[in-house]
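*Asks:* return atomic coordinates for the entry below.
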Amino acid sequence: MNDPVVDEIRRVRKVISAEIGPDISQLSDYYRRFEAEFLRPPLVLDKSPPDECVEAGDPPAPDGSALTPSR
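*Replies:* Take a look at the predicted model:
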């Protein structure tokens, strides 16, 4: 059975192995450098609503045009 995704993974692994050689420590260093390029700071999720948050149960604005923000 041929799987194009598995075939591509094997192809890329062969290319990397050809560049680095058989040394496992060099392979490990390669992946650490590669991973470092894509590190991003963790997301900080603020659970409080923004200042202009409109909740579904908020009353409409006096003119009826839009909802009044809850804050």
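*Asks:* name the residue closest to the centre of this protein, please.
*Replies:* Arg40 (8.5 Å; C-alpha atoms, centre = their mean).
*Asks:* residues of the helix or strand of the chain with the lowest mean pLDDT that come out buried?
*Replies:* Within the chain, confidence by mean pLDDT, DSSP states H and E is lowest for helix 24-37 among all helices and strands, at a mean of 88. Using 16 or more other C-beta atoms under 10 Å as the burial criterion, the residues of helix 24-37 that qualify are Leu27. All C-beta spots, glycine's among them, are computed from the backbone N, C-alpha and C.
*Asks:* which residues sit against it?
*Replies:* Ile16, Ser17, Glu19, Ile20 (C-beta atoms under 8 Å, 6 or more residues apart in numbering).
*Asks:* over to stretch 1-21?
*Replies:* Counting by C-beta under 8 Å, 6+ apart, Gln26, Leu27, Tyr30 sit against stretch 1-21.
*Asks:* and those residues as a markdown table, adding distance to Val5?
*Replies:* As requested, the contacts of stretch 1-21 are arranged in a markdown table below (distance: C-beta to C-beta, whole Å):
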| residue | distance to Val5 |
| --- | --- |
| Gln26 | 26 |
| Leu27 | 21 |
| Tyr30 | 22 |
